[in-house]
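Engineer: Make a model of this:
(one chain, ligands or ions: 1)
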Amino acid sequence: MDETYKFQLTKVNKYGKKQTRTLIMSKQGIVNSAGMSTKWEKPRELVHALHLSKADPKSFMISTFDNYNFETDSAEQVQQITETFKLLKMGEVIYDDELKINDDEDNVVQPQLPPQKPNPTKLDVNDEPEYAPATQSNPLASFRFERPPKFPQPPPSHDKLMKPQNFELVASIGRGSFGQVFLVRRVDDNRFFAMKVLKKRAVIDRKQLVHLRAEHTILQSMKHPYMVKLYHSFQTRTRLFFIMDFAIGGEMFHHLKKVGHFPENLAVFYLAEVVLAFEYLHEFDVVFRDTKPENLLLDAYGHVMLTDFGLAKCGVSADSTQSSGLSTTTFCGTPDYLSAEVVAGVPHGKSVDVWSIGALLFEMLVGQAPFSYGNGGGQVNRAELYRRILRGVVTFPPTVSDEARDLIQKCMARRPKDRPLMKDLKNHPLFKTNKIVWEKMVKRELAPPHKMKVDEACIKAIEGKLVNGPVDNIYKYVLPDNLVAHFDPRFTQEPPTLAASTPQDGVTADEDRHFREFNWTAPYAFDK
Ligand SMILES: Nc1ncnc2c1ncn2[C@@H]1O[C@H](COP(=O)(O)OP(=O)(O)OP(=O)(O)O)[C@@H](O)[C@H]1O
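Structural biologist: Numbers count the residues shown, from 1 in each chain. Next up is the predicted model:
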C-alpha cells in the first residue's frame, strides 16, 4: 500500500469564500474532499506545481489543469505540505510574490440577462486608470518570444494605425478566457469585423504574454484560406485590441449542437479544410494544440475559419515524441481533445494535432467527444476522462463507417509515432469516398455541402463592399440581428459595451513596454 498523507485545512474559492477541506496526497495523486464527498481528484500526471506565497506563508495553490487555492492555520502546515509534495515528486515548487485567487472548484453560473436588441455603441475607453506604480522586480523580463527559424517574417505594418475611435461596437458575440469578442464597424468605410479585447493586466497575471505574442505573430505572418485573418492590432493603456475577419457563420459547435451530429460528407468536408490549415501550420513548425469545434468558425459560404491561436506553439520541428527536434511539454488544450502523451506529461510534437483530427471527426459524426461517448450522455469526470485517454480505447457507435473508424483509429494511435503525418493523412480513402479534391479545396473551389443562411447585405458588409454613406442608412440595409443570427443569444443579447476598467487593471510603464509590438495594420487591411 502506498503511503498517504492527510491535511485538514481551509480552501478559499474565487469569491473569497472559505471552505473546510481534507487534502490527501499519495504517489497516486491528490484528492481534495469535503467530509465524505470528493471535490476533485487529480492523478499525479496532472499535478504541475505547488505555488507558495512570499506575502502569506499560510497559503498555497496547487496547479493542475486548473488552479486550487488553500489557506492553512499555520506556516508549519504549509511547510509540511511542501515537504510531502517534494517527497512524492509531484512537481515544481514555485515561490510567487502573491497568490492570485483563481480557484476553479465551483462552476460559475451565468446570470440570465433580459433580452435586448443589439444597439451599436461608441467604443468608450475613457475610464482607463493611470499607470500603476513601478515595482521592484520585473516578472516579464524572461517572457521573450523568439521567432523560430522556419517562421515567416511578419510583413511591415501599413502606415495607417488604428485607435478605438475608429470602430463602433455593434454586438457582443463571445467571450474567451481572456476577454470579450465583439462585432464592430470600421467607421471610415463601414466594413464589419470581429474585435477581440484583452486586458493587459490579465495577460500578465495569467502569464500569457508569450502565448499572446505567438498568437499575434502567427496571425500577422501566416495566411491561409481556412484561417481567420488579422487586420489591425492596437492598444490603450490597459487593453489590447485585435481586429479580425468576422466569421458570420459562428461556431461549428453551435451548428453541431443544433443537429446532434453531421452527415459523413459534411463532417469530412470540414475535416479536410482543417487538415489543409494544419498542414500549412506544420510546414512552418507551428502546432495548433487547441482543436475543438468551438475554435472552428464558419464563414458566410460555410467554409471553415480556424481561430484562436492562443495555445499554438511555434518552432516545434518534431513530428512526435520519438523524432529528434524541438518538442514541447506544456499541458494545454481542451480535456476531451488531449492526446495520451499530453495527459501523460511527456514531450509532444505535431502529432498532437493529428490526434485531435481523429477526435474532431469522431465528435462531428457522433455528437460527443470520443472519451465522453458511451456515458449515457452524462459528463465524465476529468480524472476518469484522463484514465480513458491514457488507456486509449475508443468505442464507436455502429453508425460510423469503416473508413471513418479507420481514420479515427489511425489518428488516435496511442504512440505518436504510429500516427500519420498531416500531409500523408490526405491519402486516406475516406476523403476520396467523400469527393474531396485537394487541389480544388486548397483554392476554395469546392462548395461546402451545407450552405449558410446569410443575408446578401451582410456578406457585403463583412467583405467591405458596402458603398460608404450615412450610418443610419447602413443600419436600414444591414440589420445587426441578421449579422449575429448564428451566435449564441447569451452573448448577442448583452449590450455591446466594454467591461469597465478598474484601478486594478493598471499596468506599470515597465510592464507596458512588453506590449509595444501590438500596433500593426495588415498591408491588405484596406483592400476591396
Ligand atoms: N473572428 C471571429 N468571428 C466571429 N466570432 C468570433 C471570432 N473570434 C472569436 N469569436 C467568438 O468568440 C469566442 C471566443 O473567442 P476566442 O476563442 O478567440 O477567445 P479566447 O479568449 O482566445 O478563448 P479561449 O478561452 O478558447 O482561449 C469564440 O468561441 C467565437 O464564438
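
Engineer: check contacts around whichever residue of the stretch 401-528 of the chain sits closest to the ligand.
Structural biologist: Closest residue of the stretch 401-528 of the chain to the ligand, CB to the nearest ligand atom: residue 487 (6.7 Å). Where C-beta positions appear, they are placed from N, C-alpha and C, glycine not excepted. Neighbour list for residue 487: 171, 173, 174, 250, 254 [criterion: CB atoms under 8 Å, 6 or more residues apart in numbering].

Engineer: Am I right that residue 433 is in contact with residue 403?
Structural biologist: Yes: using CB atoms under 8 Å, residue 433 makes contact with residue 403 at a distance of 5.9 Å.

Engineer: Please identify which of the two sits among more neighbours.
Structural biologist: residue 403 (17 against 14; other CB atoms under 10 Å).

Engineer: Report the separation between residue 58 and the ligand.
Structural biologist: For residue 58, the distance to the ligand (CB to the nearest ligand atom, to the nearest Å) stands at 32 Å.

Engineer: Need the pLDDT of the residue of the stretch 101-250 of the chain found nearest the ligand.
Structural biologist: Proximity of the stretch 101-250 of the chain to the ligand (CB to the nearest ligand atom) peaks at residue 176, 1.7 Å away. On the pLDDT scale, residue 176 is placed at 78.

Engineer: got it, and residue 37?
Structural biologist: 76.

Engineer: before we move on, what about the one 5 residues further on?
Structural biologist: pLDDT, the model's per-residue confidence, is 73 for residue 42.

Engineer: Also residue 270?
Structural biologist: pLDDT, residue 270: 97.

Engineer: and the residue in the stretch 251-400 of the chain that the ligand sits nearest to, what is it in contact with?
Structural biologist: In the stretch 251-400 of the chain, the residue that lies nearest the ligand is residue 308 (3.9 Å; CB to the nearest ligand atom). Residues in contact with residue 308, defined by CB under 8 Å, 6+ apart, are 176, 215, 290, 295.

Engineer: State whether it is indeed within a strand.
Structural biologist: No: if the criterion is DSSP: H, G, I helix; E, B strand; the rest coil, then residue 308 is coil and not within a strand.

Engineer: after the worst-scoring helix or strand of the chain on mean pLDDT comes which helix or strand?
Structural biologist: Lowest by mean pLDDT, DSSP states H and E among the helices and strands of the chain is strand 313-314, with a mean of 66. Scanning forward in sequence from strand 313-314 by DSSP states H and E, the next helix or strand is helix 340-343.

Engineer: starting at the chain centroid, how far to that following helix?
Structural biologist: On the basis of CA atoms, centre = their mean, to the nearest Å, helix 340-343 sits 18 Å off its chain's mean C-alpha point.

Engineer: same question, stretch 517-524
Structural biologist: Here the centre of stretch 517-524 is set off from its chain's centre by 22 Å, with CA atoms, centre = their mean.

Engineer: Which is the succeeding secondary structure element to the helix or strand hosting residue 407?
Structural biologist: Using DSSP H and E, residue 407 sits in helix 402-411. Downstream of helix 402-411, the first helix or strand assigned by DSSP H and E is helix 422-425.

Engineer: packing partners for that next one?
Structural biologist: Helix 422-425 is packed against helix 264-283, helix 351-366, helix 402-411, with contacts defined by 3 or more CB pairs under 8 Å, 6 or more residues apart in numbering; DSSP states H and E.

Engineer: from the ones you listed, which stretch is densest packed?
Structural biologist: Mean neighbour counts were compared across these using mean count of other CB atoms under 10 Å; the top stretch is helix 351-366, at a mean of 26.

Engineer: could you check the angle helix 264-283 makes with that helix?
Structural biologist: Here helix 351-366 points in a direction 170 degrees away from that of helix 264-283 (axes from the mean of the first three to the mean of the last three CA atoms, to 10 degrees).

Engineer: between the helix or strand that helix 351-366 is followed by and helix 351-366, how many degrees?
Structural biologist: Where DSSP H and E defines the elements, the next helix or strand beyond helix 351-366 is helix 382-391. On the basis of the same axes, to 10 degrees, helix 382-391 is oriented at 110 degrees to helix 351-366.

Engineer: Quick one: mean pLDDT for helix 382-391?
Structural biologist: The model assigns helix 382-391 a mean pLDDT of 77.

Engineer: What is it packed up against?
Structural biologist: With contacts taken as 3+ CB pairs under 8 Å, 6+ apart, helix 382-391 sits against strand 37-43, helix 340-343.

Engineer: As JSON lines, those with mean neighbour count and distance to the ligand would be great.
Structural biologist: JSON lines is the format used below for the helices and strands packed on helix 382-391 (neighbours: other CB atoms under 10 Å; distance: least, CB to the nearest ligand atom, whole Å):
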{"stretch": "strand 37-43", "mean neighbour count": "16", "distance to the ligand": "21"}
{"stretch": "helix 340-343", "mean neighbour count": "22", "distance to the ligand": "16"}
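
Engineer: so can I have CSV of these showing distance to residue 473?
Structural biologist: What follows is those, written out as CSV (distance: least, CB to CB, whole Å):
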stretch, distance to residue 473
strand 37-43, 55
helix 340-343, 52
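
Engineer: low-confidence ranges in the chain?
Structural biologist: 1-2, 12-16, 45-46, 64-67, 100-119, 133-149, 310-334, 343-348, 374-379, 467-472 (pLDDT under 70).

Engineer: near the ligand, which residues of it?
Structural biologist: 173-174, 176-179, 181, 194, 196, 228, 244-247, 251, 294, 297, 307-308, 310 (CB under 6 Å from any ligand atom).

Engineer: Just those: which are in helices?
Structural biologist: Nothing among those maps onto helices, per DSSP state H.

Engineer: Now compare the contacts of residue 308 and name the two farthest from each other.
Structural biologist: The distance between the two most remote of the contacts of residue 308 (CB to CB) is 12.0 Å, for 215 and 295.

Engineer: Those two - which one has more neighbours?
Structural biologist: residue 295 (23 against 20).

Engineer: In space, what's closest to the more buried one - neighbours in sequence excluded?
Structural biologist: Among residues not flanking residue 295 along the chain, residue 308 sits closest, at 4.5 Å (CB to CB, 6 or more residues apart in numbering).

Engineer: and if you look at residue 61?
Structural biologist: Nearest non-adjacent residue to residue 61, counting by CB to CB, 6+ apart: residue 51, 4.1 Å away.

Engineer: Show me what the one you found is bridged to.
Structural biologist: Beta-bridge pairing for residue 51 (DSSP bridges): residue 61, residue 94.

Engineer: Distance check, it against residue 482.
Structural biologist: 48 Å (CB to CB, to the nearest Å).

Engineer: what about the two, which has more around it?
Structural biologist: A direct count of neighbours by other CB under 10 Å for residue 51 and residue 482 places residue 51 higher, at 19 against 16.

Engineer: Next one: the more buried one from residue 69, what distance?
Structural biologist: Separation of residue 51 from residue 69 (CB to CB): 9 Å.

Engineer: and for these two, which residues touch both?
Structural biologist: Common contacts of residue 51 and residue 69 (CB under 8 Å, 6+ apart): 60, 61, 99.

Engineer: Contacts made by stretch 30-45 with the rest, please.
Structural biologist: Residues contacting stretch 30-45 (CB under 8 Å, 6+ apart): 11, 19-24, 27-29, 47, 62, 64, 68, 88, 90, 105, 343-345, 381-383, 386-387, 390.
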